[in-house]
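Trainee: show me the folded form of this:
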Amino acid sequence: MKLMPRKFTTTPPKQEKPVVAKAETPRSPQKPGKIFSGIGNLFHILWTGLTFTLLVVGYSLKMMLHTVFPAGKFWAKPFKLPLRAYDAFYERIVAVFDRAKAQTASRSYFIELSFQNMKAKRTRTLVTVCGMAISIAFIVFLISVGYGLQNLVTTRVARLEELQQAEVMPGLSDELALNDEVLSRLKNMTQVKSAIPLISVVGRISYQDSISDIAVYGTTTEYLKTSAIQPIYGTVFESHEVYATGGTTQTPNTTPETNGTPKYGQELGKVNFSIAEGSWLRVRNGSSTSNNVLGFTRDGGSAQSGTQIYGDYYSGYEGKEILDEDGEQLAVWIKSSFLLWQNVACTTQEVAATEGGENIASSLKVDPDCEDGQYIPLRDPAGTQVEREGYIAKLPQQIIEDGNASSNVLGVSTLIAQAGDGGSLPVVNDASGSALVTQQSKTVVEVAPGSIREAVVNKAVLTLLGIPEDQAVGQSITMTFVAVGDLVEGEVQRIESAQTTYKIVGVTPEEDTPVVYVPFIELRSLGINRFSQIKVIADNPRVLPEVRTNIESMGYGTVSVADTVAQIDSLFSTFRLLLGVIGLVALSVAALGMFNTLTVSLLERTREVGLLKAMGMKSGEVRELFLTESMIMGFYGGILGLLIGFGAGKLLSLILSSVAVAKGVGFIDISVVPLSFVLVVVVLAIIVGILTGYFPARRATKISALNALRYE
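Mentor: Below you'll find the model as predicted:
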């Protein structure tokens, strides 16, 4: 065969064009479509993982319930209908979340296949699940004890109702005292259910020739009940009154309450008052600045009685605004009988001699009746000082109230203490301000007549008096109350009640400090118009911080047991965190054991994986198969760990309670597992299962089918 010679053609080389450098153009920002595509992929991955986990948990619960309540047992018949209901519910979940693509096995099939593989290796599966359960049980036990101790301490410190209560304390200045006006403002605040006042005074109790000083609280029945004061003998008294029915003690800077619209000339009730030392007041023939001045008056060395009346407004009045029906402003005047002085010059200067028009000697000639250089008593023709009925303005700092006339004053400015006082008192200014005395002045007042005269005492009082607890109810005790000036508006220094007999109607279990509770209105009737504190009850515990903030912005202090509970919660949160860290160490050890088990299982099943791939199973499906097994073991380990940890905590509570009951303390539960914590434990167990099974599952996807079939 003759070979034809090849022809080779040559073409001239193409002339290369010169390379021209192009100017760099900035990269355009990533297109929004790619960003949305990435977000969509991420959402798809999260949704697939979530639904797959839901299917695994649902099927695991189904298998667990059918194992615990087998269909062939007679004792499982009551649970037949609930099991059928759950099976139907699971089938609906599968229908919604397990929609397999064409020529692809459903995820429910892989879940069932995983259970079959785990049953084939029961011993290994049981050991792995138990290791996981022990670590979870250790965490549950520690955290449940932390929650239980916190709950135990909190319930000992406060009740649930007290978490919505706060005690309001007086402010730092005298203008921020607690009185009826403040009480009304607190009651009308938003998110405040009620406000209850409390008066605290010193009491002197007498019983069978023994005298002791104690703390006395004037309260209402509502205050006792909201404070959880539960008598162990007897009951609490029934008294709900807060405002005195016979008139309220007022001060120079306050206005008495009246019913209806105020009117000019309207009488407001009797008042005992004194004029401050050194003050001279105009006495008029009417309650108006346009009325004639009858004369001037000053302090008479003791208190006197008068009537408060509405009159024309005058400069210097500092009470609350009073408007009549015509909108004219009124003020409070006092009508009484006064000794009168006239304002005239009662000192003259006599010049003895002059030289060159200048005085060379002079002397003062003083009227013997002259007072303060300008006031001379106004006398009648007989030479007696005139005393007439007139009106004076109720000026602050010049009119000092010594108590309401309706308060049954027995004695005013008593200079010698009664025998029960136990000796002389420190040297102080008299309440009227007229003299410096060697003993403290006081106002002795009787408790309002017709009051119930009942008291609730604690065990410390009975121990002090030597009264048996079971015989205390019905016993009579005599008490004297002493209130200092902080509880009374004005210049009154000390109010003391007359001896009053009370019947004990209840005994409370407190043994630390002797305390007696008496009706609030009975201390109020002594002329006390300020409160020691006010209990504010919010609508619910969530709004209490806001209510306290609003009160504190007014200048008052607040105290609540919620502060103590918050500190306890903070302390135990740190304690639980420490216990949780210790438990996580045990969980990490169990996770390593589970990882080792799954890795060994993969090595043993290499040939099985190759066969499955040769039959057409995809790598992603192999991964889901191994992840399913790890999630199932994690889930069962979490459930079993919860049961073991909860049981161990309750067993410890039972042991401690047996000792506590023997000592009279009662049952103690130091193991509490909140529902939120249960959910956290289950989710944590599943996450640990996923993490420990991820790497063996990923490794399984890389196994070659050909190499796996040649394995061994």
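Trainee: grab the nearest non-local neighbour of the residue nearest to the spatial centre of the chain.
Mentor: The centroid of the chain falls nearest to Ala562 when counting by CA atoms, centre = their mean (3.9 Å). Of all residues not flanking Ala562 in the chain, Leu163 sits nearest, at 5.2 Å (CB to CB, 6 or more residues apart in numbering). For glycine as for every other residue, the C-beta is placed from the backbone atoms N, C-alpha and C.
Trainee: in terms of helix, strand or coil, where does Ser288 fall?
Mentor: Each residue gets one of three states, and Ser288 gets coil by DSSP: H, G, I helix; E, B strand; the rest coil.
Trainee: got it, and Gly373?
Mentor: Reduced to three states by three-state DSSP, Gly373 is coil.
Trainee: ramachandran angles for it?
Mentor: Gly373 adopts backbone torsions of phi 80, psi 0, taken as degrees, to the nearest 10.
Trainee: surely it is in contact with Val344?
Mentor: No: applying CB atoms under 8 Å as the test, Gly373 and Val344 come out as separate, 10.5 Å apart.
Trainee: which stretches of the stretch 351-500 of the chain form helices?
Mentor: 459-465 (DSSP state H, counting those that start in this stretch).
Trainee: the residue nearest to the centre of the chain falls within a helix, correct?
Mentor: Yes: counting by three-state DSSP, Ala562 is located in a helix.
Trainee: hey, where'd the helices end up in this structure?
Mentor: All helices of the chain, identified by DSSP state H, fall at 32-68, 80-97, 107-120, 122-157, 180-187, 221-226, 459-465, 520-524, 544-553, 561-604, 606-614, 619-662, 675-701, 705-709.
Trainee: Pro262: which of these is closest?
Mentor: Of all the helices of the chain, it is helix 180-187 that lies closest to Pro262, at 16.9 Å by CB to CB.
Trainee: chain center to the closest one, what's the gap?
Mentor: 19 Å (CA atoms, centre = their mean, to the nearest Å).
Trainee: quick one: average pLDDT of it?
Mentor: For helix 180-187, the mean pLDDT works out to 87.
Trainee: buried stuff in it?
Mentor: For helix 180-187, burial by neighbour count (16 or more other CB atoms under 10 Å) applies to 180, 182-183, 186.
Trainee: which residues sit against stretch 221-238?
Mentor: Residues from elsewhere that reach stretch 221-238 (CB atoms under 8 Å, 6 or more residues apart in numbering): 159, 161-162, 165, 194, 196, 198, 239-240, 452, 454-456, 469-470, 472-473, 504-509, 517, 519-520, 535, 537.
Trainee: er, stretch 673-682 I mean
Mentor: Stretch 673-682 is contacted from outside by 136, 139-140, 143-144, 147, 635, 638-639, 641-642, 645-646, 649, using CB under 8 Å, 6+ apart.
Trainee: go again with 7 Å.
Mentor: Residues from elsewhere that reach stretch 673-682, judged by CB atoms under 7 Å, 6 or more residues apart in numbering: 136, 140, 143-144, 147, 638, 642, 646.
Trainee: and for stretch 688-699?
Mentor: Under the contact criterion CB under 7 Å, 6+ apart, stretch 688-699 has outside partners 587, 591, 594-595, 598-599, 602, 623, 626-627, 629-631, 633-635.
Trainee: next one: stretch 206-220
Mentor: Applying CB under 7 Å, 6+ apart, the external contacts of stretch 206-220 come out as 196, 198-205, 239-240, 242, 461, 464-465, 477-478, 481, 513-520, 522-524.
Trainee: what residues sit buried inside it?
Mentor: 206-207, 214, 216-220.
Trainee: average pLDDT for it?
Mentor: For stretch 206-220, the per-residue pLDDT averages 83.
Trainee: got it, and stretch 60-77?
Mentor: Averaging pLDDT along stretch 60-77 gives 83.
Trainee: how far away is Asp563 from Ser200?
Mentor: Taking CB to CB, to the nearest Å as the measure, Asp563 falls 21 Å from Ser200.
Trainee: any idea which helix or strand in this protein has the lowest mean pLDDT?
Mentor: Ranked by mean pLDDT, DSSP states H and E, the helix or strand of the chain with the weakest confidence is strand 409-414, at a mean of 31.
Trainee: hang on, the earlier thing: adding distance to Ala705, write the buried residues of stretch 206-220 out as JSON lines.
Mentor: Shown next, in JSON lines, are these (distance: CB to CB, whole Å):
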{"residue": "Ser206", "distance to Ala705": "103"}
{"residue": "Tyr207", "distance to Ala705": "100"}
{"residue": "Ile214", "distance to Ala705": "93"}
{"residue": "Val216", "distance to Ala705": "93"}
{"residue": "Tyr217", "distance to Ala705": "87"}
{"residue": "Gly218", "distance to Ala705": "91"}
{"residue": "Thr219", "distance to Ala705": "86"}
{"residue": "Thr220", "distance to Ala705": "86"}
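Trainee: for these, which one is nearest Val283?
Mentor: Using CB to CB, Gly218 is the member of the buried residues of stretch 206-220 that sits closest to Val283, with 38.8 Å.
Trainee: burial count for Phe677?
Mentor: By other CB atoms under 10 Å, the residues close to Phe677 number 17.
Trainee: show the pLDDT at it.
Mentor: 88.
Trainee: and Thr606, by the same measure?
Mentor: On pLDDT, Thr606 comes in at 75.
Trainee: how much space between it and Val505?
Mentor: With the distance defined as CB to CB, Thr606 ends up 86 Å from Val505.
Trainee: neighbour count for these two, which is higher?
Mentor: More crowded of Thr606 and Val505, by other CB under 10 Å: Val505, with 22 against 18.
Trainee: which residue sits closest to the more buried one, ignoring its sequence neighbours?
Mentor: Among residues not flanking Val505 along the chain, Glu454 sits closest, at 4.6 Å (CB to CB, 6+ apart).
Trainee: any idea of the pLDDT on that neighbour?
Mentor: The predicted local confidence for Glu454 is 91.
Trainee: quick one: it from Glu238, how far?
Mentor: 9 Å.
Trainee: what about the helices of the chain, which gets the closest to Leu268?
Mentor: Taking CB to CB, helix 180-187 is the member of the helices of the chain nearest to Leu268, at 15.3 Å.
Trainee: hmm, back to that, give me the more crowded residue out of Glu454 and Glu238.
Mentor: Taking other CB under 10 Å, Glu454 and Glu238 do not tie; Glu454 has more neighbours (20 against 11).
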